[in-house]
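Participant: generate a structure from the sequence data that follows.
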Amino acid sequence: MQEPPSDNVRVGSWPLLAAAVTAVIFYGVGLAELGAAPSASESASQLVKWFVDNGDNIRWFVWCIAVATPSLAITFALLRCLLPAPYRDVFLIGAITTLATTAVYTWTWAGLALHPERMRPMVLRALLDIAIFYGPVLTGTTTTMMAPVTWLALREQARLPRWLGILGAIGLVEQAVETATIFGSTGFTQPGGAMNMQLGAGLTLAWLLAFALWGGFRGRFESSAA
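Facilitator: As a prediction, the model looks like this:
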């Protein structure tokens, strides 16, 4: 039986719920606008045509991610309040790095979509190859963000539910396997492919949303901290 919260502790956070839901909505719309992104195995000439045809969709994708960033930052900041030191700091390092690398990823896409018809096909191919390694490298930052929460939850510490730890453990195993995309070139394990952008991103976002929903409804916040 859980003990009732003290006077300086409140349960749940509507700002956390609002920020998390807002971020998810904008990310979902942005990814829908981007659609099926070109793969690492497509030819340079195919890429030029794809960018010419999808320039507006890419700009809407980048706009949605940019608009979602403040909400996601609020989500991370409030989730940090649920964790003890030093776990909260490790979580925050992973979260900030995720935001920073996502910004670089999106502005690269926006730049490529600005004048693709004037760009040499092999130059476009090379720049996109740099951008799509966002997925493989992001596994390190998402692991940094998920690991401390998962460790605490599996041990039922910091009042975190065990189910969140189990979900996090599944995500961490997938992220570890997903590092293989660093060495991939075609198919499911190619960088920027389905393992990165569908499976890995889906599991990570599901874990983050679950953490945020639990925190928004059941998490305990010190009045001075949140």
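
Participant: packing partners of the longest helix along the chain?
Facilitator: Longest helix of the chain, by residue count under DSSP state H: helix 87-114. In this structure, helix 87-114 packs against helix 55-80, helix 121-132, helix 134-154, with contacts taken as 3 or more Cβ pairs under 8 Å, 6 or more residues apart in numbering; DSSP states H and E. Heads up, the C-betas are built off the backbone N, CA and C, glycines and all.

Participant: most tightly packed of the ones you listed?
Facilitator: helix 134-154 (a mean of 21; mean count of other Cβ atoms under 10 Å).

Participant: next, the buried residues of the helix or strand just after that helix.
Facilitator: Counting by DSSP states H and E, the element after helix 134-154 in chain order, helix or strand, is helix 162-178. For helix 162-178, burial by neighbour count (16 or more other Cβ atoms under 10 Å) applies to 164-165, 167-169, 171-172, 174-175, 178.

Participant: now swap in stretch 111-123 and tell me
Facilitator: 112-113, 116, 119.

Participant: equivalent analysis for stretch 15-32, please.
Facilitator: Result for stretch 15-32 [16+ other Cβ under 10 Å]: buried residues 16-17, 19-24, 26-27, 29-31.

Participant: inside strands: which ones of those residues?
Facilitator: Among the buried residues of stretch 15-32, none falls in strands (DSSP state E).

Participant: can you redo these as JSON lines with distance to P191 and pLDDT?
Facilitator: Below are the buried residues of stretch 15-32 laid out as JSON lines (distance: Cβ to Cβ, whole Å; pLDDT from 0 to 100):
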{"residue": "L16", "distance to P191": "33", "pLDDT": "96"}
{"residue": "L17", "distance to P191": "34", "pLDDT": "95"}
{"residue": "A19", "distance to P191": "31", "pLDDT": "96"}
{"residue": "A20", "distance to P191": "28", "pLDDT": "96"}
{"residue": "V21", "distance to P191": "31", "pLDDT": "95"}
{"residue": "T22", "distance to P191": "30", "pLDDT": "96"}
{"residue": "A23", "distance to P191": "25", "pLDDT": "96"}
{"residue": "V24", "distance to P191": "25", "pLDDT": "93"}
{"residue": "F26", "distance to P191": "25", "pLDDT": "96"}
{"residue": "Y27", "distance to P191": "21", "pLDDT": "92"}
{"residue": "V29", "distance to P191": "25", "pLDDT": "94"}
{"residue": "G30", "distance to P191": "20", "pLDDT": "93"}
{"residue": "L31", "distance to P191": "18", "pLDDT": "90"}
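
Participant: would you list the residues you listed in TSV and tack on distance to G192?
Facilitator: What follows is the buried residues of stretch 15-32, written out as TSV (distance: Cβ to Cβ, whole Å):
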residue	distance to G192
L16	31
L17	32
A19	28
A20	26
V21	27
T22	26
A23	22
V24	22
F26	21
Y27	17
V29	20
G30	16
L31	13
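
Participant: what's the closest of these to F183?
Facilitator: F183 lies nearest to L31 out of the buried residues of stretch 15-32, by Cβ to Cβ, at 25.5 Å.
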